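Peer 1: Sequence first, predicted coordinates after that:
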Amino acid sequence: MSQPSDTPGSHYFVPEPSPWPFISMFAVFALLFGATLMINDVAIGGIVVGLGALLIGYVFYGWFRDVVTENLSGAYNHQVDRSFRQGMYWFIASEVFFFASFFGALYYIRNIAVPWLGGAGYLGSSEILYSQFAADWPTAGPGALGGEYTVMGAWGIPALNTLILLTSGATITWAHWGLKLNDQKTLIRGLVATIALGVLFVGFQAYEYRHAYVDLNLTLASGVYGSTFYILTGFHGMHVTIGAIMLMAILVRARKGHFSPHNHFAFEAVAWYWHFVDVVWLGLFVFVYWL
Amino acid sequence: MSTTADTLHSEHEHHPYGWRRWLYSTNHKDIGTLYLLFALTMFFLGGLSAMAIRAELLFPGLQFLDPDLYNNILTNHALIMIFGAVMPAGAGIANWMIPLMIGAPDMALPRLNNLSFWILPAAAMMLILSFIVPFFPGGGTQINTGWTLYPPLSVQVGMSMDFLIFAIHLLGISSVLASINIIVTILNMRAPGMTLFKMPVFCWAWFVTAFLLILVVPIIAGGVTMLLFDRHFGTSFFNAAGGGDPVLFQHLFWFFGHPEVYILILPAIGALAQVIPAFSRKPLFGYHSTVGAMLVIATLGMVVWAHHQYTIGMSFAAVNYFMIGTILISIPVGLILFNFIATMWRGAMTFETPMLFATAMVLLFSFGGLTGVMLAVIPADIQYHDSMFVVAHFHYVLIPGAIYGLFAAVFYWLPKWTGHMYDERLAKIFFWVNMISFNLTFFVQHFLGLAGMPRRIIDYNVIFAEFNFISSVAGLIYGLSHLLFLYIVIKCIRGGKKADNKAWEGATGLEWELPSPPPFHSWETAPRVK
Amino acid sequence: MLARMKTIRSLWFLPLLLVSAAPARAEYGLNFPPPATPIARDIYDLHMLTMGISTILLIGVFGVVFFAIWKFRKSRGYQPDQNFHKTWFGTWSWIIVPAMVLGVDLTIAGSAQKVLQEMWIVPKQEGMLDVKVTGHQWYWEYEYMDSGIRIESRALPEDQADDGLYLRDVDNRLVLPTHRPVRFLHTSADVNHAMWVPALGFKKDAIPGYITETWATIDTEGVYRGQCAELCGTWHAKMPIVVEAVSESEFETWLAEAKAAEVAAEAEAAADIEWSMPDLMEKGKGLYNTKCASCHQINGEGLQPAFPPLKGSAIATGPTGPHIDIVLHGKPGSAMPPWKGQLNDLEIAAIVTYERNAWGNDTGDLVQPRDVKAAR
Ligand code: HEA
Ligand code: HEA
Ligand code: CUA
Ligand SMILES: [Cu+2]
């Protein structure tokens, strides 16, 4: 399918100068500058963050609008399409490594730090410091920070959520089939189903957090267990939310009939992203909830 | 090799003018220029801070800084130089040259390209804020952790640490996006016939670097994120009382940090692989082995990080593994340097400025690398660690390594970029002043380290006085010499002897087939490479 | 001045010095100070070996490059050999060179094994002297675990340090016996520090909440100096370590004396007598200047923003209760440590009294040991 770059009449599309990247500079600066003030509870922080967020939203809107119009005007040849795809692969790769850092931290804590605190083997005789600290997982550390808490079980909501995400993975593939067969109905149905499942997942997750804070006293401050639990599930939840929002955008475009069996990079990009959060969740389920 | 005629028409074809051309640019050359200007500014900022450091260390006793301010300057010096100067400079050259070298009209994702640049100024603002905020009422304490940001010290610091953490996030995003763009450009934009193994080594170097960046930058992003949570949201990743471990951060930092040093050096090595053959007037010796060696460096570089942490109490097996792994890196690096020397061998060399810097890099980087191998040997490192010996090591690899590689590249391609030849006489003077004063500045620091002077101290005992004095005086000369560099570059942009398409007699490669400076859209029609 | 001339002159043959394993030159501060333990000696030799190898390799590289520069230049009309990379050498160098480098690498790694093993595997034998080393911002605390003796070791201010030893001199030295293996257990009370005494051939990070181990058997008596090697904040430069290695017998006598002194101090503190203002001020001044002044400064004006002033401060001029409390328990989330572990009631009473009456904080309050005991 890939047609060589230098076929006459198909120059590689180089967009005209675009304001969005430049505006993004102010957006991200406002966002993070505000965030810094906010977490150090300086009054105006919230407002600045708000402005930044608005600006970011505006940039995303404008930027993607331009891309869509260019795309519909047929400016993109196969080579451009290929660039987009490869770009998305490597973006997802970097996301994978972002999560890897948290999984790595979990691994280190469980297999090196905690045993060391327990005075394990060569690593030193830390038991001098802690007379009665049992090095087992989960733990809130020798200081038992955050007070008594109950461990989050794996076979309640988490298992259900696993099921939900896996199904959503299936439904989006179903939608993709529909798209390939140019069957608008299936496409829409599939997308709607996926979004619904995504929202459901986030809903359950929110409920689980509330349950953990209120009933189990399992909080961010419950030692490393709480820390690793929330950082991993939290960042994943965030990605699911983003994914769901992107799916909604795709749904809108699908309704408008933007996608053809042969030209639907945006759809596939989001689908890949969705599968990615899916896989991350499996990792979470095994290492955070189950083992 | 290819036909330039049909690309010329694009010259007299409209292109944006005025401020829009720069702020909204989607043109790889303009964006490259922006990168380079940004890097130069940052280099001078980081250098000024270095001058402050050297001035403070001129004599024993507190000269004009207080300890926290000293450490604050030190932290900023390192971060600005590494993230603000060297990395953007490399990215700038990549932006300028890769499309020209592989016969592409532009980078694969031009708008994204501009985004990865414009994130940098925002990051720089956050970085500079992290430096100055403590001087405002309620600004909290200064960053006194050094660029390694080890907790718990970094948890004690006031809000400026948060500015720094977010600055690192932004810098990370910027370089990941840039790397994605470079990888895609190389995989997808090569002219017909330009197979991966016909590609200039500079492109290969950046290809490998980009992979490294995508793999390790997210790790440090995660690391500082956990730091942020420990600081503000009560988590205890790095807090023993909660079952965490301060050392965990060190692992995350160096898992990024050590590949990072190869991220800094590989583009420089790539540039040398263009410069040395050009001025030896014969093809690069061992193209494939050079490329292979770079891949090995990247892979090995990912798995030896803990050689920065020999003193944290790892098991015997662990440290022994990290020692051997680290020492083995001398093999690929050695092979590359050997190839460079073999390229000079039986060539017909001339020594214009790029070649001078290239030769200096081959020699002095070998030196820095060899002290690196000494550091890798644990029992000895137990003595060197966190002493001025380490400081000497890494300035020898960073300056004659990374920076000289960049200087070589800049002088080599300046005619292509500006369309003018630079002032060769001044440039030679710059080289000699710079190279000699550099060695005086940092060679003596080896002795300071061996004699037992720790790094990151503002005040030292009199037994360390002599060498610090020498280092500071030479350092000042060294610093000032860069003003000459600035002058040369400006002079060259302003005018000078017109450079023809092929500015250097021995130069090879597609970029030299385009006019100097190249048309706004580099290769409207892709050349055919045989 | 003379010293400086010496070094400047010695600069001429620096490269030589790099190769020649001349411990004699150690006093020039060009190389490791003379080692005082077997392991430190092995390390020294290893260091000399790797440095020798590096120097030889470097001379090789320089030699080849300079020869090439002299021989293969266009100005001498040398014609480039366009096929050099196609010769058998060109085809095989990619394996020959790595093989050679690998050889050198294995030599280096191999020659490190023995000493690495020795220094890394801390022997768990009987009769070892266990010393717990705790890093504080910014002083060291040494505890002889068997005899329970604790000493705090602080840098001496410039005027009190022996001349030429400022930043390398302390009030209380770490006294150790020779010819007896000593195990050091490193930890920290606040941030990472690292104990480094070059002559004893070890450096280990002190990590809060964890313990790392090192060991050494000193075989020559003498005084060995080192500094804190891990950046630990403001006064990282002011954490020297001074080890005094004495004979076994001297060490025992020293232990006894130290023990006696400690007991006496305890008794004095416990004794429930009324202390007079001048006595407490006297004691308090001494204690304040050693323990508190590094942050709050001798003149009590502090170092903003990190270290608040005490002169005229709310704490030091307000009610005594909170004042005693903050000294006992510290201020979480700041550099102010809890002192209840380090100081006895009398000492804290003295310090508080001093702070409340010095530098024009003339509150006239007089805090007695029992008040402190009550607040503990
Ligand atoms: C461009 C950056 C750069 C590069 C390329 C390197 C390259 C190397 N570095 Fe360096 N290093 C730094 C930047 C760099 N380093 C920095 C910034 C720090 C300090 C960070 C901090 O703490 O702030 C550091 C610190 C550092 C340490 C930690 C020291 C300590 O804190 O205790 C160690 C220890 O192993 C080390 C080792 C090495 C090694 C083995 C190489 C190897 O890659 C070198 C390989 C090259 C050669 C070996 C020379 C050429 C080869 C030959 C001539 C062939 C023959 C050679 C042999 C047979 C040996 N480096
Ligand atoms: C690419 C990285 C890079 C570069 C280029 C440099 C460049 C320089 N560095 Fe840097 N340095 C680091 C990376 C780098 N450094 C790192 C990572 C650390 C460790 C930080 C830590 O411990 O956390 C460090 C630490 C460090 C120390 C150790 C301090 C300590 O541990 O106590 C010292 C001391 O001499 C030093 C000096 C210098 C000098 C003199 C230069 C010179 O090359 C600078 C020359 C450039 C200029 C001077 C700018 C251009 C000229 C002008 C602006 C004109 C005006 C100048 C004058 C007024 C004279 N650096
Ligand atoms: Cu303690 Cu540095
Ligand atoms: Cu390293």
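Peer 2: That came through fine. Ligands and ions are numbered 1, 2, ... in the order given.
Peer 1: Local confidence estimate at the residue nearest the centre of chain B?
Peer 2: Centroid check for chain B by Cα atoms, centre = their mean gives residue B:86 as the closest residue, at 3.1 Å. At residue B:86, the model reports a pLDDT of 95.
Peer 1: shaky segments in the chain?
Peer 2: I'll assume chain A. Within chain A, the ranges that satisfy pLDDT under 70 run A:1-10, A:120-127.
Peer 1: think we crossed wires, I meant chain C
Peer 2: Within chain C, the segments meeting pLDDT under 70 span C:1-28, C:305, C:333.
Peer 1: so who does the residue of the stretch 101-250 of chain C found nearest ligand 1 touch?
Peer 2: Of all residues in the stretch 101-250 of chain C, residue C:104 sits closest to ligand 1, at 3.6 Å by Cβ to the nearest ligand atom. Using the backbone N, CA and C atoms, a C-beta is placed for each residue, glycine as well. Counting by Cβ atoms under 8 Å, 6 or more residues apart in numbering or on different chains, residue C:104 touches B:330, C:53, C:57.
Peer 1: And residue B:401, by the same measure?
Peer 2: B:264, B:265, B:268, B:361, B:364, B:365, B:368.
Peer 1: how near is the third one to residue B:305?
Peer 2: Spelled out, it's residue B:268. 21 Å (Cβ to Cβ, to the nearest Å).
Peer 1: How about the contacts made by residue B:215?
Peer 2: A:93, A:97, B:259, B:302.
Peer 1: at 6 Å instead, please
Peer 2: With contact taken as Cβ atoms under 6 Å, 6 or more residues apart in numbering or on different chains, residue B:215 is in contact with residue A:97.
Peer 1: What of residue B:260?
Peer 2: Shown in contact with residue B:260 (Cβ under 6 Å, 6+ apart): no residues.
Peer 1: and with 8 Å instead?
Peer 2: By Cβ under 8 Å, 6+ apart, the neighbours of residue B:260 are B:82, B:216.
Peer 1: now do residue B:448
Peer 2: Listed by Cβ under 8 Å, 6+ apart, the contact set of residue B:448 reads B:387, B:388, B:389, B:392, B:464, B:467, B:468, B:471, C:29.
Peer 1: What sits closest to it if chain neighbours are left out?
Peer 2: With Cβ to Cβ, 6 or more residues apart in numbering or on different chains as the criterion, residue B:448 has its nearest non-adjacent residue at 4.0 Å, and that residue is residue B:388.
Peer 1: which residues does that neighbour contact?
Peer 2: Residue B:388 is in contact with B:445, B:446, B:448, B:449, B:453, B:454, B:455, counting by Cβ under 8 Å, 6+ apart.
Peer 1: hmm, try it at 6 Å
Peer 2: Shown in contact with residue B:388 (Cβ under 6 Å, 6+ apart): B:445, B:448, B:449, B:453, B:455.
Peer 1: Could you say which helix or strand holds the residue nearest to the last one when sequence neighbours are not counted?
Peer 2: Closest residue to residue B:455 in three dimensions, ignoring its sequence neighbours and counting by Cβ to Cβ, 6+ apart: residue B:391, at 5.1 Å. Taking DSSP states H and E as the criterion, the element that holds residue B:391 is helix B:388-397.
Peer 1: so which strand or helix has the nearest residue to residue B:518 once chain neighbours are set aside?
Peer 2: Spatial nearest neighbour of residue B:518, chain neighbours left out: residue B:100 (6.3 Å); criterion: Cβ to Cβ, 6+ apart. According to DSSP H and E, residue B:100 maps onto helix B:87-102.
Peer 1: quick one: buried residues of the helix or strand just after that helix?
Peer 2: Next helix or strand after helix B:87-102 toward the C-terminus (DSSP H and E): helix B:110-132. Residues B:110-131 are the ones in helix B:110-132 that count as buried (16 or more other Cβ atoms under 10 Å in any protein chain shown).
Peer 1: Residue C:349 belongs to a helix?
Peer 2: Yes: using DSSP: H, G, I helix; E, B strand; the rest coil, the assignment for residue C:349 is a helix.
Peer 1: if I pick it, what's in contact with it?
Peer 2: Counting by Cβ under 6 Å, 6+ apart, the residues that residue C:349 touches are C:367, C:368, C:369, C:372.
Peer 1: Near chain B, which residues of the stretch 51-200 of chain C? Just list them.
Peer 2: Within the stretch 51-200 of chain C, the positions near chain B by Cβ under 6 Å from any Cβ of the partner chain are C:54, C:58, C:61, C:64-65, C:68, C:72-74, C:78, C:80-82, C:84-85, C:94, C:97-98, C:101, C:105, C:108-109, C:112, C:115-116, C:120, C:164, C:167-168, C:191-192, C:198.
Peer 1: Separate out the buried members of those.
Peer 2: Buried residues within those, counting neighbours by 16+ other Cβ under 10 Å: C:54, C:58, C:61, C:65, C:68, C:72-74, C:80, C:84-85, C:94, C:97-98, C:101, C:105, C:108-109, C:112, C:115-116, C:120, C:167-168, C:191-192, C:198.
Peer 1: circling back to that earlier point, same for the helix holding residue B:100, what does it pack against?
Peer 2: Counting contacts by 3 or more Cβ pairs under 6 Å, 6 or more residues apart in numbering or on different chains; DSSP states H and E, helix B:87-102 is packed against helix B:28-56, helix B:160-188, helix B:201-232.
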